[in-house]
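Asks: Sequence unavailable; structure follows:
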Ligand code: NAP
């Protein structure tokens, strides 16, 4: 009998994982925020995945954190700022051999979760897949990609990776997950805040090449200093390539701000600035970028953490 995939965070990425796992015949249960969200989910009859323009309903069972069933495998698919509180609510249900898979972008939330459940194996993921909700309980698979998984503390891959293959979730296990997470964080820091401040698509940053290059130099310095030289390699070239390849897209931070949603700033640019300060590294342009972004978010009445 397969271990049940409990999934907390039935948003874009959580729903994308849930519906593909369920489609492969694997046992999945969604953990909803509270009884009101659970009732709304029950009324919808399940999750709908829209792929290649075709919508398919998956009647995956739902529950709240109050349910008593023990949890052996938990996919945490909340935003970075919600991950640790969501896991804290479920900690009493985790079995001694439980494993957590953390899908959060950026850095900082993984350590917060691990500190909350120190006996539990925490596997981090870095994904280039893209999904968005066009309504509650309905997710659109917007961009095919790849998910890297790894556990810096224990390099041995878990056996359930086979289930991801069965579910058609493209993935690979890596002993260098931290390097992947840092590299993605650096790309995000060089692109996303500027798209918000210049109010432009990614391609609009081609008009701000000097600013981008200065940030890349500081980010590379930070990566070297915090023991991630591989994440610093050719950073500027990759940032320029991403800007070109995704020129027509709005960055995730731009979209969050546009939709008046809280951003993940503290786990991206904020994390980079915090680590720089810890290393007593003076990165004036990165620090100024953070201050400009925080001021901008406050002007819009959005949380700046
Ligand atoms: P999202 O659509 O906002 O979904 C987050 C979900 O978490 C929401 O459904 C929210 O519930 C739920 N949630 C929060 N706290 C909860 C709690 N205590 N109990 C139960 N549910 C809770 O976010 P997302 O876009 O999937 O992003 C998740 C993470 O993946 C982020 O770190 C993001 O950066 C990363 N990521 C996303 C994508 C993508 O394409 N979307 C790609 C790569 C990485 P409510 O619905 O009740 O608010």
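Replies: Everything's here; your move. Keep in mind the model is a prediction, meaning the values are calculated, not measured.
Asks: Which strand or helix spans residue 148?
Replies: strand 147-150 (DSSP states H and E).
Asks: in that strand, what counts as buried?
Replies: Neighbour-count burial for strand 147-150 flags 147, 148, 149, 150 (criterion: 16 or more other C-beta atoms under 10 Å). Every residue, glycine included, has its C-beta placed from N, CA and C.
Asks: Check what pLDDT the nearest residue to the last one once chain neighbours are set aside gets.
Replies: Counting by C-beta to C-beta, 6 or more residues apart in numbering, the nearest residue to residue 150 once its immediate chain neighbours are dropped is residue 177, at 2.8 Å. Residue 177 is assigned 97 on the pLDDT scale.
Asks: correct me, but residue 177 touches residue 148?
Replies: Yes. Using C-beta atoms under 8 Å, residue 177 is in contact with residue 148, at 6.3 Å.
Asks: Which residues are in contact with each of the two?
Replies: Shared contacts of residue 177 and residue 148 (C-beta atoms under 8 Å, 6 or more residues apart in numbering): 125, 126.
Asks: follow-up on the earlier one: wait, what's in contact with the residue nearest to residue 150?
Replies: 124, 125, 126, 148, 149, 150, 151, 152.
Asks: so the second one sits right up against residue 151, yeah?
Replies: What it means is residue 125. No. Residue 125 is beyond contact range of residue 151, at 10.3 Å (criterion: C-beta under 8 Å).
Asks: out of the two, which sits in the busier spot?
Replies: A count of neighbours by other C-beta atoms under 10 Å puts residue 125 above the other of residue 125 and residue 151, at 23 against 20.
Asks: tell me the SS of the more buried one?
Replies: Judged by DSSP: H, G, I helix; E, B strand; the rest coil, the three-state class of residue 125 is strand.
Asks: and the protein, which of its residues are near the ligand?
Replies: Residues of the chain that fall close to the ligand, judged by C-beta under 6 Å from any ligand atom: 8-14, 31-33, 37, 77-80, 82, 85-86, 89, 103-105, 127, 129-131, 133, 264.
Asks: What subset of those is buried?
Replies: For those, buried by 16+ other C-beta under 10 Å: 8-14, 31-33, 37, 77-80, 82, 86, 103-105, 127, 129-131, 264.
Asks: just checking, which of those belong to helices?
Replies: 12, 13, 14, 37, 80, 82, 86 (DSSP state H).
Asks: and the first one, what does it touch?
Replies: Translated: residue 12. Residue 12 touches 131, 132, 133, 139, counting by C-beta under 8 Å, 6+ apart.
Asks: What of the second one?
Replies: By C-beta under 8 Å, 6+ apart, the residues touching residue 13 are 77, 103, 127, 129, 131.
Asks: Please apply the same query to the third one.
Replies: Residue 14 makes contact with 7, 8, 30, 75, 77, 78, 103, according to C-beta under 8 Å, 6+ apart.
Asks: Please tabulate the residues you listed in JSON lines, including the columns pLDDT.
Replies: Shown next, in JSON lines, are the contacts of residue 14 (pLDDT from 0 to 100):
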{"residue": "7", "pLDDT": "98"}
{"residue": "8", "pLDDT": "98"}
{"residue": "30", "pLDDT": "98"}
{"residue": "75", "pLDDT": "98"}
{"residue": "77", "pLDDT": "98"}
{"residue": "78", "pLDDT": "98"}
{"residue": "103", "pLDDT": "98"}
